[in-house]
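# Provided below are the primary sequence and the corresponding predicted coordinates.
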Amino acid sequence: MDSTDFQIRLQTFTGPFDLLLHLVKRNEIDLREVSIAGIANQFFEHIRILKWLDFELAGDFLVVAATLMEIKSRQLLPRGESTEDSPIEEEKHSLVQQLIEYRRIKKAASLLEIISSQQSKKLARQAIPEEESLEASTSLQKVEIWDLLNSFGKLIREWEEKNESQTIVDEMPQAFFEDSILTRLNRQAPISFESIFETPRTKMRLIGFFLALLELAKQQKIALYFGENEAILLDLVRPPEFFHGSKIEA
């Protein structure tokens, strides 16, 4: 399989501030009291996974990574060598302020998007009972792209521990992985995130299934949400006629 088949825009993963905000939220800490050293390690791990997927990291990711590394390295110095008035504290304060402002702008943009799409979705929401309607847009509010990347990272680490020198090339096209996921969901739904990665789990097959998942979610063919114990689940997005038809037959 040509590695270029796996090149998709990094915009799918939004930007570095989105990742930082996700890590702050996941660690349940106040943005103004964020531990740069702790967040930095998780940020670098996510970047490693993106590189594993052959993504070309955007410059803003690398700039933020360099800033985090600088702040972290200076924070590890003995206390006498770093004070609250030091340049590194000013840099940390500046980064946190940028995050706060970015979060404020993002919330405002999200609100405008909701308002603008409210009328177009109103009739569809009335036609389908809320408990029956499984929309990708709703589920994606619960499962963020970084949640998917974090779960995929766990599979990567497991694979690396067992296959340190494995270099098997797989020639399967991207459509194969998408069809495989949809076929499984048509047989049984919902299914777990981990279960879509069928054996043999080669590097290229892991990447293929993961990018197929992203593409299907982007096309709103599947929905993603959290189940018990924060396990990520996949389900098909059903068209309105599916629910109407099932009621008529009943």
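It's in. Numbering: from 1, shown residues only.
# can you pull out the strands in this structure?
With DSSP state E as the criterion, the chain has strands at 191-192, 222-226, 232-236.
# Could you report the neighbour count for Ala40?
Ala40 has 22 neighbours, counted by other C-beta atoms under 10 Å. Just so you know, the C-beta spots here come from the backbone N, C-alpha and C atoms, and that holds for glycine as well.
# burial measure for Gly227, as a count.
Neighbouring residues of Gly227 were enumerated by other C-beta under 10 Å; the total is 11.
# which residues of the protein fall in helices?
Chain-ordered helices for the chain, with DSSP state H as the definition, fall at 16-26, 36-52, 59-75, 87-127, 136-142, 145-162, 174-187, 203-218, 240-249.
# could the strands of the chain be laid out in CSV, adding distance to Leu213?
Rendered in CSV, the data for the strands of the chain read as follows (distance: least, C-beta to C-beta, whole Å):
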stretch, distance to Leu213
strand 191-192, 11
strand 222-226, 7
strand 232-236, 7
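# which one of the ones you listed is the most hemmed in?
Burial of the strands of the chain is given as mean neighbour count (mean count of other C-beta atoms under 10 Å); strand 222-226 ranks first at a mean of 21.
# what pLDDT, on average, does that strand get?
When pLDDT is averaged over strand 222-226, the result is 89.
# in its sheet, what does it sit against?
strand 232-236 (antiparallel) (DSSP bridges).
# Give me the contact list for the strand it pairs with.
134, 143, 147-148, 151, 181-182, 185-186, 189-193, 196, 213, 221-227 (C-beta atoms under 8 Å, 6 or more residues apart in numbering).
# mind redoing it with 10 Å?
By C-beta atoms under 10 Å, 6 or more residues apart in numbering, the surrounding residues in contact with strand 232-236 are 134, 136, 139, 142-143, 147-148, 150-151, 181-182, 184-186, 189-196, 213, 216-217, 221-227, 242.
# Can I get it in CSV? Just the C-alpha atoms.
The C-alpha trace of strand 232-236 is given here as CSV (Å, rounded to 0.1, in the frame of the first residue of the first chain):
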residue,chain,number,x,y,z
ILE,A,232,-15.6,4.1,22.6
LEU,A,233,-18.5,2.5,20.6
LEU,A,234,-19.4,2.7,16.9
ASP,A,235,-22.9,2.5,15.4
LEU,A,236,-24.5,3.2,12.0
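# That one to helix 145-162, inter-axis angle?
Between strand 232-236 and helix 145-162, the angle formed by their directions is 110 degrees, by axes from the mean of the first three to the mean of the last three C-alpha atoms, to 10 degrees.
# and Leu185, what does it touch?
Contacts of Leu185 were listed using C-beta under 10 Å, 6+ apart, and they are Ile191, Ile196, Leu216, Lys221, Ile222, Leu234, Asp235, Leu236, Val237.
# Check the residues you listed and tell me the two furthest apart.
With distance counted by C-beta to C-beta, no two of the contacts of Leu185 lie farther apart than Ile196 and Val237, which are 15.8 Å apart.
# OK, contacts around Gln42?
Gln42 makes contact with Leu19, Leu20, His22, Leu23, Val24, Arg26, Asn27, Trp146, Asn150 under the criterion C-beta under 10 Å, 6+ apart.
# Give me the buried entries from the contacts of strand 232-236.
Among these, those that count as buried by neighbour count (16 or more other C-beta atoms under 10 Å) are 134, 136, 139, 143, 147-148, 150-151, 181, 185, 190-191, 193, 196, 213, 216-217, 222-225.
# related to what we said a few turns ago, select from the contacts of Gln42 the one having the most neighbours.
Looking at the contacts of Gln42 with neighbours defined as other C-beta under 10 Å, the largest count falls to Leu20 at 27 neighbours.
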